[in-house]
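J.: whatever this is, show me its structure:
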Amino acid sequence: MKFVYVLPGWEGSAADSRVLRDAISRTHGLKITNGKYYMADNGHPNAEGFLTPYKGVRYHLNEWSARRPQML
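T.: Predicted structure coming up:
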């Protein structure tokens with residue numbers, strides 16, 4: 001895991017989208033490089049630089065691994 005930005009000071013009950021908006025709006029805040037994307041949870045809308053999973057779809061790690069699961 002690699003942390004690219006840390007924004008301390010928000011209480012745990014703050015909405016994720018509000019904290020993200022604050023991080024992006026700061027002078028030396030979170031910068032989104034063109035052509036790069038951050039994976040976000042369903043609490044965020046799909047926006048430039050952010051990808052969220054489809055609502056109602058379950059994703060499994062074995063679907064994305066290089067080695068496919070064996071069929072029985």
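
J.: what stretches of this protein score poorly on pLDDT?
T.: Within the chain, the stretches with pLDDT under 70 are 61-72.

J.: name the helix or strand for the closest residue in space to L7 that isn't next to it in sequence, please.
T.: Spatially, and ignoring its direct neighbours in sequence, L7 is nearest to A23 (4.8 Å; C-beta to C-beta, 6 or more residues apart in numbering). C-beta: built from backbone N, CA, C; applies to glycine. Secondary structure from DSSP states H and E places A23 in helix 16-25.

J.: other SSEs contacting the following helix or strand past that helix?
T.: As assigned by DSSP H and E, the chain's next helix or strand after helix 16-25 is strand 38-39. In terms of contacts (3 or more C-beta pairs under 8 Å, 6 or more residues apart in numbering; DSSP states H and E), strand 38-39 is packed against strand 50-51.

J.: now for the strand it packs on, which elements pack on it?
T.: strand 38-39.

J.: what's the strand it packs on in contact with?
T.: For strand 38-39, contacts defined as C-beta atoms under 8 Å, 6 or more residues apart in numbering pick out 32, 49-52.

J.: so what's the most centrally placed residue in the chain up against?
T.: Against the mean C-alpha coordinate of the chain, by C-alpha atoms, centre = their mean, the closest residue is A40 at 2.1 Å. Shown in contact with A40 (C-beta under 8 Å, 6+ apart): 20, 50-52.

J.: D16 versus that one, what's the distance?
T.: To D16, A40 is 8 Å away according to C-beta to C-beta, to the nearest Å.

J.: what does N34 give?
T.: Plainly put, N34 is 23 Å away from D16 if you go by C-beta to C-beta.

J.: about what we covered before: in ChimeraX, how would I select the buried members of the contacts of strand 38-39?
T.: The buried residues among the contacts of strand 38-39 can be selected in ChimeraX (16 or more other C-beta atoms under 10 Å) with this line:
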select :49
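
J.: pick out the most distant pair among the contacts of strand 38-39.
T.: I32 and T52 (14.4 Å; C-beta to C-beta).

J.: and for the closest residue to D22 other than its chain neighbours, the neighbour number?
T.: In this structure, D22 finds its nearest non-sequential neighbour in L7, 7.0 Å apart by C-beta to C-beta, 6+ apart. Around L7 there are 12 other residues, counting by other C-beta atoms under 10 Å.
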